[in-house]
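Peer 1: pasting a predicted model and its sequence here:
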Amino acid sequence: MKYELPDALTVECEGPVRIVTINRPDEFNAVDKDLHWALAHVWRQVAADTDAAVVILTGAGRAFSAGGDLDWIISFLDDPVARDESVREGAEIIDEMLRFPLPVIAAVNGPAVGLGCSVAVLSDVVLMSDTAYLADPHVAVGLVAGDGGAAFWPLLTPILRSREYLYTGDRIPATTAVELGLASRVTAPDDLLSESRRLAERLAAQPAQALRSTKRVVNMYLSQALGGPMQAGFAAEIATMQSAEHRDRLLALRENAVNRENAVRKTTPREKEEAR
């Protein structure tokens with residue numbers, strides 16, 4: 001089957017297994033406009049692939065996904081049409097993942113932040129490298145965690161524990177993520193993809209109808225529980241996107257990023273080598 005997706009999201013076929021890779025490694029797989037669109041549309045394409053049985057979702061390079069691309073997010077400050085479209089598409093990503101009939105194994109190879117964290121946690125099985133972490137820093141940039149965290153985490157974790165991480169945006173190490181119920185298990189970095197493939201092959205060998213129907217029933221609980229909170233979350237996220245505090249936080253982040261880039265450019269080759 002030919003997949004019609006931008007280069008930022010690739011699909012590799014290995015027998016009945018489809019390896020979906022978030023493919024912006026130089027940007028730590030930050031989600032820009034093209035990747036956001038792809039994450040909303042890949043699931044129907046894989047579901048239409050009659051030879052597919054299981055999906056492994058992972059990131060190219062050192063990150064799973066660093067969350068929203070800063071330049072893309074900043075563009076929303078003066079483009080309300082694009083802003084609202086991104087929120088609508090974000091809801092579509094979550095809805096499509098919940099409806100997707102095949103099991104999805106997230107192979108979290110590095111940081112999974114913001115939307116990257118939500119996409120990982122929405123998977124059926126979450127395998128994490130022991131050097132990876134989860135984080136949802138929406139509140140830290142003046143936003144409601146509307147694309148999954150605030151609505152979804154309390155279904156999986158003790159509310160008292162998830163509040164702290166949602167409110168602060170602190171990193172959740174892989175072992176803590178398993179303890180909280182946001183991940184299934186931890187592997188060594190070099191074993192992550194091989195463990196994911198082994199599990200994928202095992203699931204692909206299961207009776208297909210029984211496996212898909214079991215997933216559908218389990219996800220009924222999630223869909224029913226998420227209905228109200230997700231709608232409220234996205235509405236609140238749109239409201240905070242228009243706040244002065246959000247604008248100030250984003251512009252400060254961009255200024256810090258520019259200052260870091262300028263500092264790197266001024267670094268001599270010898271200093272760069274010593275920094276390594």
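Peer 2: Structure's in. What do you need?
Peer 1: which SSE is residue 57 in?
Peer 2: Here residue 57 is covered by strand 54-59, with elements defined by DSSP states H and E.
Peer 1: so which bits of whichever helix or strand comes after that strand are buried?
Peer 2: Where DSSP H and E defines the elements, the next helix or strand beyond strand 54-59 is helix 70-75. Residues of helix 70-75 classed as buried by neighbour count (16 or more other Cβ atoms under 10 Å): 70, 72, 73, 74. Every C-beta, even on glycine, is put in place using the N, C-alpha and C of the backbone.
Peer 1: settle this for me: the second one is touching residue 33, isn't it.
Peer 2: Spelled out, that is residue 72. Yes: if you go by Cβ atoms under 8 Å, residue 72 and residue 33 touch, sitting 5.8 Å apart.
Peer 1: who does the strand holding residue 57 touch, helix- and strand-wise?
Peer 2: Packed against strand 54-59 by the contact rule (3 or more Cβ pairs under 8 Å, 6 or more residues apart in numbering; DSSP states H and E) you find strand 17-22, strand 104-108, helix 115-121, helix 192-204.
Peer 1: got the CA coordinates for it in PDB?
Peer 2: The C-alpha coordinates for strand 54-59 follow below in PDB (Å, rounded to 0.1, in the frame of the first residue of the first chain):
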ATOM      1  CA  VAL A  54       0.200  -4.000  14.500                       C
ATOM      2  CA  VAL A  55       1.800  -0.500  14.600                       C
ATOM      3  CA  ILE A  56       5.000   0.500  16.300                       C
ATOM      4  CA  LEU A  57       5.200   4.300  16.900                       C
ATOM      5  CA  THR A  58       8.600   5.800  17.500                       C
ATOM      6  CA  GLY A  59      10.800   8.800  16.900                       C
END
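Peer 1: which residues touch that strand?
Peer 2: 16-22, 25, 29, 46, 64-65, 100, 102-110, 112, 116, 119-120, 123, 192-193, 196-197, 200-201, 203-204 (Cβ atoms under 8 Å, 6 or more residues apart in numbering).
Peer 1: before we move on, what about stretch 195-209?
Peer 2: Counting by Cβ under 8 Å, 6+ apart, 14-17, 53-56, 58, 103, 105, 107, 125, 127, 187, 211 sit against stretch 195-209.
Peer 1: which one of these is nearest residue 79?
Peer 2: Closest approach to residue 79 among the contacts of stretch 195-209 (Cβ to Cβ): residue 58, at 31.3 Å.
Peer 1: neighbours around the closest one, how many?
Peer 2: Other residues near residue 58 come to 24 when the count uses other Cβ atoms under 10 Å.
Peer 1: distance of it from residue 252?
Peer 2: Distance, residue 58 to residue 252, by Cβ to Cβ, to the nearest Å: 32 Å.
Peer 1: what's the next secondary structure element after the lengthiest helix in the chain?
Peer 2: Criterion DSSP state H: the longest helix present in the chain is helix 208-241. Sequence order places helix 244-266 as the next helix or strand after helix 208-241, per DSSP H and E.
Peer 1: that older thread, now do the buried residues in the longest helix of the chain.
Peer 2: For helix 208-241, the neighbour count (16+ other Cβ under 10 Å) marks 211-212, 215, 219, 222, 226, 230, 233-234, 237-238, 240-241 as buried.
Peer 1: so what touches stretch 163-173?
Peer 2: When contacts are defined by Cβ under 8 Å, 6+ apart, stretch 163-173 is touched by residues 111, 133-140, 145, 149-150, 153, 180, 182.
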